[in-house]
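**Student:** Sharing a sequence plus its predicted fold:
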Amino acid sequence: MQKLTETALEKSDTGTFTLMEMVCWVGGSSDRQFALLNRALNSGEIIRIHRGLYCLAAKYLRRKLDPLILSQRIYGPSYISLETALSYHGWIPEAVYAITSTSLGRSREFETPLGHFSYTRVPQKVFYTGVTRIEKGIAGTNEPGLHAGESFFMGSPLKALTDYVYVRKLDWTSADPIIQSLRIDENSLSGIVAEDFDRLLANYASRRVLRFLEGLRKDLNR
C-alpha cells in the first residue's frame, strides 16, 4: 500500500481529501508531496475526482461515497436542486443519473470517475432561501449512510421547481404542465403552503419565475 493511501485512511473519515489537506498531512517539500500523490494515483489506490479533490479507491473506503455530499465538495457554494432534488423528495418517478445543483458562481459541468455533476447559476437575493441542510444527528433527517460531520444542502420541492422553470426557460403558470411534463403527482403539490410561496416570491427577480410562482399559487389556492 502506498504511503499516501495509508495516510488518507488514517486522516480522512470520508475517504475524500483536497490537495491542501494532503499537503498538511505529509509535509516536506512540494517535490516529495507530488511524488507521493503521483505514485498513489498511478497505483490506482487514489482517484482524482477533479483538480484538487481526491478520494480513496473503493476497496479502501469504509463506506460508499454519497454523491450528494460529494457535490458540495466539488463546487460551491451550491445546493442540490432541479431534477435531483425532485427525485430526492419523491416528486418525480425517474431515476436521475446526473447530480444537478444550483450554484452561486458561474455555471459549471464536471465529468468525474464518480459521476456527472452539473451546476447552474440562478440569480437570487438570498441564495439559501428554501434550502435545508441535511446532516446526521439533526432531528427528523435520519439519512442512511451519513456520519457525523457529513452534510449537504437540499432545495425544497418548490425551490427545485422554481429553479427548474428558470433554468429551462419555461413559461409555466399553473399546475397542469408540472403534472403533465414532469409527471408529478397532484397530491405532492398539496403539501406546498402559503409561506413557501411568500419566501420564494421575495427571493427571485426573474419575471418568468414570478409569473410561475404567482400562477401556481393561484391554481393551488394558496
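**Tutor:** That came in fine, so what should we check first?

**Student:** Please list all residues in contact with the residue positioned nearest the centre of the chain.
**Tutor:** Against the mean C-alpha coordinate of the chain, by C-alpha atoms, centre = their mean, the closest residue is Ile80 at 3.5 Å. Residues near Ile80 by C-beta atoms under 8 Å, 6 or more residues apart in numbering: Leu68, Ser71, Tyr88, Ile99, Thr100, Ser101, Phe152, Phe153, Met154, Gly155. Quick note: C-beta positions are derived from backbone N, CA and C, even for glycine.

**Student:** does the last one really touch Ser103, like I thought?
**Tutor:** No - using C-beta atoms under 8 Å, Gly155 is not in contact with Ser103; the gap is 12.0 Å.

**Student:** Show me which of the two is the more surrounded one.
**Tutor:** Gly155 (28 against 19; other C-beta atoms under 10 Å).

**Student:** Neighbours of Arg168, how many?
**Tutor:** By other C-beta under 10 Å, 12 other residues sit near Arg168.

**Student:** Roughly how far does the residue nearest to the centre of the chain sit from Met154?
**Tutor:** As judged by C-beta to C-beta, to the nearest Å, Ile80 and Met154 stand 5 Å apart.

**Student:** repeat for Lys169
**Tutor:** In this view, Lys169 and Met154 are 24 Å apart by C-beta to C-beta.

**Student:** Between those two, tell me which one has more neighbours.
**Tutor:** More crowded of Lys169 and Met154, by other C-beta under 10 Å: Met154, with 23 against 8.

**Student:** before we move on, back to that, identify the contacts common to Ile80 and Met154.
**Tutor:** Listed contacts common to Ile80 and Met154 are Leu68, Tyr88; contacts here mean C-beta under 8 Å, 6+ apart.

**Student:** Which parts of this structure are helices?
**Tutor:** Ranges of helices in the chain, per DSSP state H, are 3-11, 19-26, 30-43, 67-74, 82-88, 157-168, 176-182, 186-189, 194-201, 207-220.

**Student:** what number of residues lie near Glu214?
**Tutor:** Number of residues near Glu214 (other C-beta under 10 Å) recorded here: 13.

**Student:** from memory it sits against Leu201, does it?
**Tutor:** Yes - using C-beta under 8 Å, Glu214 is in contact with Leu201, at 7.2 Å.

**Student:** Output the helices of the chain as a markdown table; include the columns mean pLDDT and distance to Tyr54.
**Tutor:** Formatted as a markdown table, the helices of the chain follow (pLDDT from 0 to 100; distance: least, C-beta to C-beta, whole Å):
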| stretch | mean pLDDT | distance to Tyr54 |
| --- | --- | --- |
| helix 3-11 | 91 | 8 |
| helix 19-26 | 93 | 7 |
| helix 30-43 | 93 | 8 |
| helix 67-74 | 92 | 10 |
| helix 82-88 | 95 | 23 |
| helix 157-168 | 97 | 30 |
| helix 176-182 | 93 | 36 |
| helix 186-189 | 91 | 39 |
| helix 194-201 | 97 | 37 |
| helix 207-220 | 96 | 38 |
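
**Student:** quick one, which of these is nearest to Ser107?
**Tutor:** helix 157-168 (9.0 Å; C-beta to C-beta).

**Student:** Could you verify my assumption that Tyr170 touches Pro177?
**Tutor:** No Tyr there; residue 170 is Leu. Yes - the criterion here is C-beta under 8 Å, and Leu170 meets it with Pro177 at 7.3 Å.
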